[in-house]
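**Q** Fold the following and give me the result.
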Amino acid sequence: MTKTVTDVICPFCGTLCDDLEVVVSDDGKTIVDIYNACAIGAEKFMHAQAKDRVTRPRMQQPDGSYKEVSYDEAVEYTAQMLATAKKPLMYGWSSTSCEAQSVGHEIAEKVGAIVDNTATVCHGTTLIAVQDVGIPSCTLGEIKNRADRIIFWGCNPAHAHPRHQSRYSIFPRGFFTNKGHKNRKVIVVDPRKTATAKMADYHFQIEQGRDFELLSAFRVAIRGEWLPDTVAGIPKERIYEAADVLKSGRFGIIFFGMGVTQTLSKNHNIDNAIMLTKDLNDYTKFSIMAMRGHYNVTGSGQVLG
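**A** Modelled structure (predicted):
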């Protein structure tokens with residue numbers, strides 16, 4: 001016999017789909033099947049019982065191999081190591097709960113450790129920008145029900161957040177967007193012709209690393225000011241056209257990913273994207289949201305922030 005657990009949250013990406021149904025064995029020890037998850041999310045659950053999964057502490061041996069040890073032994077060794085270290089680094093955190101991270105950071109304060117998380121090579125620049133200029137954001141539910149202007153800048157949710165477009169951004173029928181995609185205009189800014197770009201009404205195939213310039217050009221265009229003939233490889237006519245499309249919407253959202261956070265200018269790109277969002281709010285309602293990664297990396301930023 002099996003039993004089905006409903007309303008399960010998927011920890012794979014920042015979309016956090018909460019409608020999964022997980023079929024488990026009668027003893028609750030084995031996952032039998034997954035419903036409603038994308039292929040990547042389903043694999044995340046099925047890997048929980050994979051033979052190569054590490055389920056107990058392991059300690060590196062002198063020959064480079066790893067040996068399983070008890071939790072008591074692992075805790076004692078770690079405590080001694082932290083107590084005698086001159087400047088320890090406590091890195092990671094993104095795959096554990098906020099409560100566990102808070103306890104870990106208390107330990108870090110006591111031993112004088114440096115704390116860092118995986119967002120250093122991801123959305124750490126976003127946190128810097130938000131601390132610099134703030135952020136006008138919203139919920140995914142608001143986007144589903146209200147947004148009729150969607151920008152995906154430097155991200156490809158079709159591959160990285162597979163159910164994002166069907167649940168929240170492009171295709172869902174919301175309270176004020178009851179025709180789904182027909183109610184929305186979608187703009188993608190990406191140097192590659194991605195799967196997401198193929199769904200867009202406008203694809204700006206920007207020159208690599210020139211996001212800051214194009215963001216600045218959009219800020220100029222929405223005010224109707226002068227632009228050079230091309231900016232970042234995009235003709236000015238297309239920039240003015242897109243600016244008019246954005247201003248004519250009822251509710252807009254900018255989704256940005258690592259194509260913005262880890263390219264030239266880094267946190268200054270996000271500074272400029274946030275200021276573009278604020279500028280657009282002079283004409284309509286606009287918000288901005290990061291396309292965050294796996295499990296609790298966002299929570300890690302909140303705890304550290």
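
**Q** isn't D26 right up against K3?
**A** Yes: D26 is in contact with K3 according to C-beta atoms under 8 Å; the separation is 6.7 Å. Where you see a C-beta, it was placed from the backbone N, CA and C, and this is true even at glycine.

**Q** so what sits against both of these two?
**A** With contacts taken as C-beta atoms under 8 Å, 6 or more residues apart in numbering, D26 and K3 have no neighbour in common.

**Q** In which helix or strand does R192 reside?
**A** Under DSSP states H and E, no helix or strand contains R192.

**Q** Could you check how far it is from I253?
**A** 22 Å (C-beta to C-beta, to the nearest Å).

**Q** Looking at these two now, which is surrounded by more residues?
**A** Set R192 next to I253 and count neighbours by other C-beta atoms under 10 Å: I253 wins out with 25 against 14.

**Q** That one and N145 touch, don't they?
**A** No: I253 is beyond contact range of N145, at 11.8 Å (criterion: C-beta under 8 Å).

**Q** now the helices: where do they sit in the stretch 51-200 of the chain?
**A** For the stretch 51-200 of the chain, helices defined by DSSP state H, counting those that start in this stretch occupy the ranges 71-84, 98-111, 124-133, 140-146, 157-160, 164.

**Q** deepest of the ones you listed, which one?
**A** Comparing the helices of the stretch 51-200 of the chain by mean neighbour count (mean count of other C-beta atoms under 10 Å), helix 164 ranks first with a mean of 24.

**Q** quick one: average confidence on that helix?
**A** The predicted model assigns helix 164 a mean pLDDT of 96.

**Q** what helices or strands is it leaning on?
**A** Helix 164 sits against no helix or strand, with contacts defined as 3 or more C-beta pairs under 8 Å, 6 or more residues apart in numbering; DSSP states H and E.

**Q** tell me how far it is from the chain's mean position?
**A** Centroid separation for helix 164 versus its chain: 11 Å, with C-alpha atoms, centre = their mean, to the nearest Å.

**Q** What lies in contact with it?
**A** Under C-beta under 8 Å, 6+ apart, the answer for helix 164 is 13, 15, 157, 291.

**Q** ok, 6 Å please
**A** Helix 164 is touched from outside by 15, 157, with contacts defined as C-beta atoms under 6 Å, 6 or more residues apart in numbering.

**Q** And the helices of the stretch 51-200 of the chain: which comes nearest R184?
**A** Among the helices of the stretch 51-200 of the chain, helix 140-146 comes nearest to R184, with 10.2 Å by C-beta to C-beta.

**Q** and the helices of the stretch 51-200 of the chain, which one's lowest on average pLDDT?
**A** Among the helices of the stretch 51-200 of the chain, helix 124-133 scores lowest, at a mean of 91.

**Q** starting at the chain centroid, how far to it?
**A** Per C-alpha atoms, centre = their mean, the displacement of helix 124-133 from the mean C-alpha position of its chain is 14 Å.

**Q** and if you look at stretch 224-238?
**A** For stretch 224-238, the distance to the chain centre is 29 Å (C-alpha atoms, centre = their mean).

**Q** Go through it and flag the buried ones.
**A** For stretch 224-238, a neighbour-count test (16 or more other C-beta atoms under 10 Å) marks 227, 231-232, 234, 236 as buried.

**Q** and the residues you listed, which of them are in strands?
**A** 231, 234 (DSSP state E).
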